[in-house]
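Asks: got a structure for you, letters missing:
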């Protein structure tokens with residue numbers, strides 16, 4: 001069921017991006033998406049049979065192709081390209097904070113009430129989301145600006161670049177390659193560390209893994225707005241190199257030692273990486289697709305590349321771990337992360353728009 005849901009999310013990236021570039025009401029798509037999530041949660045609560053749960057999780061997976069990108073599109077439509085870095089930084093802060101609060105609340109509900117109550121809580125969070133969404137006025141979301149279209153102040157349907165020109169964009173394809181390698185390296189680190197802790201019969205392994213998930217999110221929430229500001233003053237490429245470099249260093253540290261207190265400290269680097277990649281991914285996409293009218297489809301391309309990398313990661317490096325051991329697998333992960341950083345360094349241009357008038 002989880003694999004099918006993940007596959008649905010992967011396959012929905014490109015159609016979701018094309019839909020976001022075409023449809024005017026981005027808010028309506030968010031309403032549809034969160035309603036699908038609520039229906040999925042209610043199905044699992046009321047009738048948790050395999051066919052219905054499978055259907056519900058497929059619905060939830062499909063929303064991955066347009067819910068997150070819709071937030072980025074609305075942000076671009078609201079504030080424009082020049083103010084987008086700061087806006088994305090604030091978005092990432094609230095997303096991380098919301099994830100932490102939701103994890104705590106849902107964990108307490110599951111502990112004190114029941115497993116089913118968790119899914120009812122998910123459904124109960126939808127009406128407050130609608131209230132927040134209603135506070136965004138539709139007229140403030142400029143359609144042409146929200147898809148990076150040229151001459152977006154015109155009232156008619158904005159012109160859009162051809163699909164062929166998008167696939168020929170060296171900046172976009174290089175960035176997609178970098179993020180594919182990044183996710184290929186990053187996605188398997190936490191499962192492999194958790195496995196190593198359990199293998200060592202570490203009694204606090206569940207607590208340590210929880211800390212490894214929670215603490216980096218706190219770092220993301222603290223850093224993300226600063227990343228948005230630095231991206232505007234420093235440029236995108238230096239920050240991306242810091243984020244990718246932190247991943248390489250983290251993998252090397254895990255290759256050298258699996259000591260619980262140190263492991264939690266090493267994992268804080270994931271917060272640095274998460275803040276940088278979370279803020280800069282939609283920002284770089286907006287940079288390289290400015291004037292094309294294909295911002296959201298490009299988000300789908302990048303999302304597909306990242307999703308394929310993440311899907312392959314656990315299988316590939318799981319086989320390496322079984323065959324060659326813990327040190328070899330983390331050195332392999334570090335090598336892939338380093339390759340991504342080198343491609344970024346030598347082939348990825350700086351995408352920050354020139355400030356010269």
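Replies: Yes, it's here. Worth saying up front: this structure is predicted, and the values here are computed from it rather than measured.

Asks: neighbours of residue 291, how many?
Replies: Using other CB atoms under 10 Å, residue 291 has 16 neighbouring residues. To be clear about C-beta, it is placed using only N, CA and C from the backbone, and glycine gets the same treatment.

Asks: leaving out chain neighbours, which residue sits closest to it?
Replies: For residue 291, ignoring the flanking residues on the chain, the nearest one in space by CB to CB, 6 or more residues apart in numbering is residue 150 at 4.3 Å.

Asks: and that neighbour, what does it touch?
Replies: Shown in contact with residue 150 (CB atoms under 8 Å, 6 or more residues apart in numbering): 158-159, 291-293.

Asks: now, which of those sits nearest residue 268?
Replies: Minimum distance to residue 268 across the contacts of residue 150 is 37.5 Å, recorded for residue 292 (CB to CB).

Asks: was I right about the closest one contacting residue 162?
Replies: No. Applying CB atoms under 8 Å as the test, residue 292 and residue 162 come out as separate, 9.1 Å apart.

Asks: who has more neighbours, those two?
Replies: Neighbour count, other CB under 10 Å: between residue 292 and residue 162, residue 292 has more, with 22 against 10.

Asks: tell me where the chain has strands.
Replies: Remark: no strands are assigned in the chain by DSSP state E.

Asks: next, name the residue at the spatial heart of it.
Replies: residue 278 (6.0 Å; CA atoms, centre = their mean).

Asks: state the pLDDT value of it.
Replies: In this model, residue 278 is scored at 96, pLDDT.

Asks: so who does it touch?
Replies: Shown in contact with residue 278 (CB under 8 Å, 6+ apart): 92, 95, 220, 224.

Asks: excluding sequence neighbours, find me the nearest residue to the first one.
Replies: Read it as residue 92. Excluding the flanking residues, the one nearest residue 92 by CB to CB, 6+ apart is residue 224, at 3.6 Å.

Asks: any stretches of the stretch 251-357 of the chain with poor pLDDT?
Replies: Along the stretch 251-357 of the chain, segments meeting pLDDT under 70 span 355-357.

Asks: let's see it at 50
Replies: 356-357 (pLDDT under 50).

Asks: for it, just list every one of the helices.
Replies: Ranges of helices within the stretch 251-357 of the chain are 260-288, 295-324, 326-347, based on DSSP state H, counting those that start in this stretch.

Asks: using JSON lines, lay out the ones you listed together with distance to residue 231.
Replies: Output for those, formatted as JSON lines (distance: least, CB to CB, whole Å):
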{"stretch": "helix 260-288", "distance to residue 231": "6"}
{"stretch": "helix 295-324", "distance to residue 231": "17"}
{"stretch": "helix 326-347", "distance to residue 231": "14"}
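
Asks: would you mind finding the most buried of these?
Replies: Each of the helices of the stretch 251-357 of the chain was scored by mean neighbour count; the highest is helix 260-288, a mean of 22, by mean count of other CB atoms under 10 Å.

Asks: wait, residue 211 touches residue 264, no?
Replies: Yes. Here residue 211 lies in contact with residue 264, judged by CB under 8 Å, at a distance of 5.1 Å.

Asks: can you count the residues close to the residue nearest to residue 92?
Replies: 25.

Asks: quick one, grab the pLDDT at it.
Replies: pLDDT recorded at residue 224 is 97.

Asks: surely it and residue 96 touch.
Replies: Yes. Shown here, residue 224 and residue 96 form a contact pair, counting by CB under 8 Å, at 6.8 Å.

Asks: that older thread, roughly how far apart are the residue nearest to residue 92 and residue 341?
Replies: Applying CB to CB, to the nearest Å, the value for residue 224 to residue 341 is 21 Å.
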